[in-house]
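K.L.:
give the three-dimensional model of this entry:
(chains A, B and C)
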Amino acid sequence: MPIHQVKIALLAGCAAYIMLLLVVSKDHGDEALLFSAWGTVEETENLMRLVETFNVSQPNLRVKFVHIDNREYDRKILIQTAAGNPPDVFLLSSTDLSALAYRGVLENLNSWIAADTGFHPEAFFPALLKTTTIREQIFGIPVGYTPMVIYYNRRLFREAGISYPDSSWTWNDFLHTAIKLTRRDADGRTKQFGCMISMAGYTFVYSFGGNFFNASLEWCQINHPKTIAALQFFGDLAMKYHVTTSPTEKLFNSDQGFRQEAVAMIAAGRWQVPNFARTNLDWGVAPMPRGETSAVGVIVYNVVMSKDSKRQQQAWEFIKFIAGPLAQQQSARSGNFIPSRIEVAQASAFLDDTTFGVDNRVFLRGIEQARLWPMEIAPETSYSNQWAILNEEMEKAMLGRQSYVDAATNAQERINAILRSERHQTQGKSFWGSRTSFSIGALILVSLVFPLIKRRIQNKRMSHLKNAKR
Amino acid sequence: MPSIFKSQHHRDRWIAYGFLLPNLIGLLLFMLGPIAASLAMSFFRWDIFTSPTFIDWDNFLEIFSKRSGFWQYLANTLFFSFSVPLGLVTALFFALLLNQPLRGMGFFKTIYFLPVVSSAIAVAIIWQWLLNKDFGVINALLIQLQLSPVDWLGSPLMAKISIVLMTVWKGLGYNILIYLAALQGIPDELYEAAQLDGAASWRRFAHITLPLLGPAHLFLFITGFISTFQLFGPLYVMTQGGPLKGTWSIVYEIWWKAFREFRMGYAAALAWILFALIFIVTLVQWRFAERKIYYS
Amino acid sequence: MHALSKRHKLLIHLILLIGGALMAAPLYWSFITSLKSPAEAFDGKWFLASEKIHLQNYVDVVKLLPFGRFFLNSLFIATSITILQVLTSSLAAYAFARLRFPGRDRVFFVYLATLMVPGQVTIIPLYFIIKYFGWIDQYPGVIFPAAFTALGTFLLRQFFMTIPRELEDAAIIDGASRFAVYWKIILPLSLPAFATLGIFVFINAWNDFFWPFIVLSDTQKLTLPVGLTKLVTAHASDWTRLMAGTMIALIPALFVYIVFQKFINKGIVLTGFK
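P.N.:
Below is the predicted model of the structure:
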């Protein structure tokens, strides 16, 4: 084929391509309600089935499930909201809720609840609803929750001759068990870690009698002997007793390590039950160890509505469905979390369900001593920022650069500094008369004057040369 | 004569615009526009929810203050840029070897280029495992060789070194390729003439090869520098800027401030400072090299 | 270059072999792991008995997430970016290399400057621009921003400047229009350079993570790297599956390189890095 024709064909092909691109890529602008959640494929299977059920039952309304990655979840929602295309309804854990509510991302559901006589907030565990209520305004409806529990590898326990933990075990028992279950090889490399409890965040601090905020919940207060003792214990697990991974070892998450049998005990929530049930591991569940109290961290999953949603009425219908008793019964069967409706959670159908080989009562035991990640307290800094600061200071302490007391004090000061600056935000400055305006003025001046000066110098040189020539 | 000249110029101009326009429009819209917007943004405080507030130079002042950590992040970034000279020396070494007319060179070239072609995310995931002190393969190898295992990501210094090594590994094939091309562009007659003059091989290398590779050196140095300044993938996947912010580079800080703390103005200001740095460094390299390069 | 002694040849081959092993080892490790069963992920073995090959990882990965779809998306997006970039930047590069217009060098300088701007600078404003066009979570939103970087223009301009002017001048004297010169003379001579640029652009677009990640949410539209991270969620991901996914993401880029290798080598030689 002559070059000429080849080139024409190529050009035509490219043009057609670009047209295709612009046509194909435009979605058939559907009017579906967008519902987002995070989770692995197995975890979202349940949600997708619920969405299907809802779509089938409601011919005029279509819900589309959009998955968002766990790690970027709250930030993606924030960005989407800022850009004006948030999901209409989405799953949100209580820890992220206050930060989003504070930024006006979430719709206040009070009016929807009041107007809807068929919806009874009392049907839910009060403690859970409390986590979505900020200054009397309800921002989310809980669909499920999970306390932190300890998953342990029964085979490793048996081989080490340790009896299975029960609800009376203390942090001391925990530590000694972990020590016995940590194995190293001849070259000093740890091949089996006793425990990995980072998933529980810092909620174990509560069981030591410590806290992160003052009584009025206004300011951060970490510098407290009991809290420091808890932090020290946590750090020592890694750096003194070497029963868990140090902060620089990020090879596997707790569940990966657990499944490879490289970790004997992990802290995690209910969502791991179906995952571990699919493996060949011999595993069991125990409540978190107790310290001064048996307080335990709880994660609450809620459905929330976007304030900017253009389909709020339909969003409310969907929310009612997802948080409704039938959906909860189905969710309970999928095993990812404990139902938030009192009836469903206490029904025998759930309590005696041994599909996954686990006694569900262990999970319900946690609710009485449930302590939530402190979220309402400082919505101005989002939860992840507060914890990032605490993690940073803790890391310094664990790597020996400062004491745990200093870590607590520094973290406290830094968090409070952020709270202070957020709460008393300085007014913007005026542009005219600011340094920026002067710099811009100077730049404009220079760029105007410079060519003139250049030309004058050139002219001088030219005339100089002319004179020299003569 | 003069009149044709003028209209030809005129016509040339419009033809030039025609050629330029598609690309220029795209660049304006998707590059220059956002760049200008972000420059403006750097004088504001903006968290993308509330409307922006003008705060004059506050972002810049905060960056250059002690508490911002900027100087540490700058030091980290500069440390990462060590991967450039290291990578170029290694690449030149291998390029010289691969330039020999021996069998199997094509095969080797392909192998060396594999890391370049791999996704940075995938590479970072793989390396994170290799470097793990308990389960990693590198330590397993060291033990087999009777050496003691290293905690590759355990201290700020070791983590930086690991990142540098990984960066060299990833970019080696690309550098080798450019050097090879440049080597092949050196006419054989020069070498033959030098040989006839009795020059030893290392002298031939130092006085012919090295200088004539000048443009290649410059190109690789500049682009290498720019890309290490913008390193992000491995930091995000492997070290998260740690330990103790030892691998927290300027770009990581930009991302953190923008997408974690939602301080868009601060992030924009920082990005511009980074740009200024890159610009100055590039300019210096360019000027320095301009005096020493032959374009044949 | 005089002939090398046998010993020298052997030495060179040895060094290259060791170097090559170091280069390939991590990727090989990923490959081997992708064939292991999850329980054996940490066993540290480099070789696998044939009975133990666990292809289930690949099956799982493909079942879990629509990797076939990811592949097609990546292909479509990367190809589109490449075509757009090569086409428009070759036109612009020619303008910078051969045509005269006011401010030409200054505009080119601005082009170069954009190469030095870190991507983080433009992300947020760009996101709002994309939103304005209605391209959020759409293919054009990923394609257009990536197609207009100054890299192509820079490379091609350098290349065009090495083409002898006489060829073009002869054609112009014969009465050819500028575009005809471009089309009939420059283009055919530049195919290797186009190929080189195309390969680099394609591979970068294929591996690009951050921008597609920001723009795309719909699972059906994701590219391979973004889809890969879906495997790496905070809970429940397996190293062996992850490695299988990595392999799936890796192989196309590798394939493209191997197939077009000749172009690259020729192209670089001609691109004038002398």
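K.L.:
tell me where the stretch 101-250 of chain C has helices.
P.N.:
Remark: helices assigned in the stretch 101-250 of chain C by DSSP state H, counting those that start in this stretch are C:104-115, C:119-132, C:139-147, C:151-160, C:165-173, C:178-181, C:187-207, C:210-215, C:224-231, C:239-270.
K.L.:
just the angle between the third one and helix C:187-207, please?
P.N.:
The reference is to helix C:139-147. 120 degrees (axes from the mean of the first three to the mean of the last three C-alpha atoms, to 10 degrees).
K.L.:
helix C:139-147 to helix C:224-231, inter-axis angle?
P.N.:
Using the same axes, to 10 degrees: helix C:139-147 against helix C:224-231 is 120 degrees.
K.L.:
and helix C:139-147, what does it pack against?
P.N.:
Contacts defined by 3 or more C-beta pairs under 8 Å, 6 or more residues apart in numbering or on different chains; DSSP states H and E place helix C:139-147 against helix A:3-25, helix C:67-98, helix C:119-132, helix C:210-215. Every residue, glycine included, has its C-beta placed from N, CA and C.
K.L.:
mind checking how far it is from the chain centre?
P.N.:
15 Å (C-alpha atoms, centre = their mean, to the nearest Å).
K.L.:
list the buried residues of that helix.
P.N.:
C:139-147 (16 or more other C-beta atoms under 10 Å in any protein chain shown).
K.L.:
any idea of the mean pLDDT in stretch C:206-221?
P.N.:
For stretch C:206-221, mean pLDDT rounds to 82.
K.L.:
do the same with stretch A:451-461
P.N.:
Mean predicted lDDT for stretch A:451-461 stands at 88.
K.L.:
what's the answer for stretch B:137-148, then?
P.N.:
86.
K.L.:
pLDDT below threshold where in the stretch 151-274 of chain C?
P.N.:
Low-confidence segments of the stretch 151-274 of chain C (pLDDT under 70): C:231-238, C:263-274.
K.L.:
one more pass at 50, please.
P.N.:
Applying pLDDT under 50 to the stretch 151-274 of chain C flags residues C:234-236, C:269-274.
K.L.:
the stretch 1-150 of chain C too?
P.N.:
C:1.
K.L.:
again, only using 90
P.N.:
C:1-13, C:27-72, C:75, C:87-88, C:90-138, C:148-150 (pLDDT under 90).
K.L.:
and the residue of it closest to chain A?
P.N.:
Residue of the stretch 1-150 of chain C nearest chain A, by C-beta to the nearest C-beta: C:Tyr139 (3.6 Å).
K.L.:
report the contact partners of A:Leu78.
P.N.:
When contacts are counted by C-beta atoms under 8 Å, 6 or more residues apart in numbering or on different chains, A:Leu78 touches A:100, A:103, A:105, B:48-49, B:262.
K.L.:
of the residues you listed, buried ones?
P.N.:
So, by 16+ other C-beta under 10 Å, the buried ones in the contacts of A:Leu78 are A:100, A:103, A:105, B:48, B:262.
K.L.:
can I assume the fourth one is in contact with B:Glu261?
P.N.:
Read that as B:Ile48. No - counting by C-beta atoms under 8 Å, B:Glu261 is not a contact partner of B:Ile48; they are 11.6 Å apart.
K.L.:
now the helices for the stretch 51-200 of chain A?
P.N.:
Going by DSSP H, counting those that start in this stretch, the stretch 51-200 of chain A shows helices at A:73-83, A:94-102, A:110-115, A:126-131, A:154-160, A:171-180.
K.L.:
got the residues of chain B near chain A?
P.N.:
B:43, B:45, B:47-49, B:53-57, B:128-129, B:132-136, B:139, B:143, B:148-149, B:151, B:153-155, B:159, B:238-240, B:242-245, B:259-262 (C-beta under 8 Å from any C-beta of the partner chain).
K.L.:
of the contacts of A:Leu78, list those near chain C.
P.N.:
B:Ile48.
K.L.:
mind telling me the two of the contacts of A:Leu78 farthest from one another?
P.N.:
A:Leu100 and B:Ile48 (13.0 Å; C-beta to C-beta).
K.L.:
read off the pLDDT value for residue 105.
P.N.:
Just so you know, I chose chain A. 88.
K.L.:
actually chain B
P.N.:
For B:Met105, the predicted pLDDT is 84.
K.L.:
quick one: contacts for it?
P.N.:
Contacts of B:Met105 by C-beta under 8 Å, 6+ apart are B:Leu98.
K.L.:
repeat for A:Met199
P.N.:
With contact taken as C-beta under 8 Å, 6+ apart, A:Met199 is in contact with A:148, A:253-254, A:266-269.
K.L.:
let's see 10 Å
P.N.:
A:148, A:253-255, A:266-269, A:272, A:297, A:299, C:234-235 (C-beta atoms under 10 Å, 6 or more residues apart in numbering or on different chains).
K.L.:
if we can go back for a sec, which of the residues of chain B next to chain A are buried? Put it as a PyMOL command.
P.N.:
Remark: buried members of those, expressed as a PyMOL selection using 16+ other C-beta under 10 Å:
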select buried, chain B and resi 43+45+47+48+53+54+55+56+57+128+129+132+133+134+135+136+139+143+149+151+153+154+159+238+239+240+242+243+244+245+259+261+262
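K.L.:
list the ones among the residues of chain B next to chain A that fall in strands.
P.N.:
Counting by DSSP state E, the residues of chain B next to chain A place B:45, B:53-54 in strands.
K.L.:
pick the one among these closest to chain A.
P.N.:
The closest of those, once distances to chain A are taken by C-beta to the nearest C-beta, is B:Thr53, at 3.4 Å.
K.L.:
is it true that that closest one touches B:Asn59?
P.N.:
No - between B:Thr53 and B:Asn59 there is no contact under C-beta atoms under 10 Å: 11.4 Å.
K.L.:
shared neighbours of those two, which are they?
P.N.:
B:44-45, B:265.
K.L.:
mind jotting down where the helices sit in the stretch 101-250 of chain B?
P.N.:
B:105-117, B:120-130, B:137-144, B:156-184, B:188-196, B:201-204, B:210-212, B:214-229, B:233-234, B:250-259.
K.L.:
these: which one's closest to C:Phe133?
P.N.:
helix B:250-259 (22.0 Å).
K.L.:
after the closest one comes which helix or strand?
P.N.:
As assigned by DSSP states H and E, the chain's next helix or strand after helix B:250-259 is helix B:264-290.
K.L.:
that next one to helix C:119-132, inter-axis angle?
P.N.:
130 degrees.
K.L.:
okay, angle between helix B:264-290 and helix A:73-83 too, please.
P.N.:
Using the same axes, to 10 degrees: helix B:264-290 against helix A:73-83 is 90 degrees.
K.L.:
does chain C have contacts with helix B:264-290?
P.N.:
Yes - for a cut-off given as C-beta under 10 Å from any C-beta of the partner chain, helix B:264-290 has contacts with chain C, namely B:264, B:267-268, B:270-272, B:274-279, B:281-283, B:286.
K.L.:
and that helix, how far out from the chain middle?
P.N.:
13 Å.
K.L.:
tell me which helix or strand A:Val298 sits in.
P.N.:
Applying DSSP H and E, one finds A:Val298 within strand A:296-305.
K.L.:
determine if any part of that strand is in contact with chain C.
P.N.:
No - contact of strand A:296-305 with chain C (C-beta under 10 Å from any C-beta) is absent, the minimum separation being 11.8 Å.
K.L.:
same check, this time on stretch B:191-210
P.N.:
Yes - Stretch B:191-210 reaches chain C (C-beta under 10 Å from any C-beta) through B:191-192, B:195, B:201, B:204.
K.L.:
need the residues you listed in TSV with neighbour count, can you?
P.N.:
Output for the residues of stretch B:191-210 next to chain C, formatted as TSV (neighbours: other C-beta atoms under 10 Å in any protein chain shown):
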residue	neighbour count
B:Tyr191	18
B:Glu192	12
B:Gln195	14
B:Ser201	13
B:Arg204	18
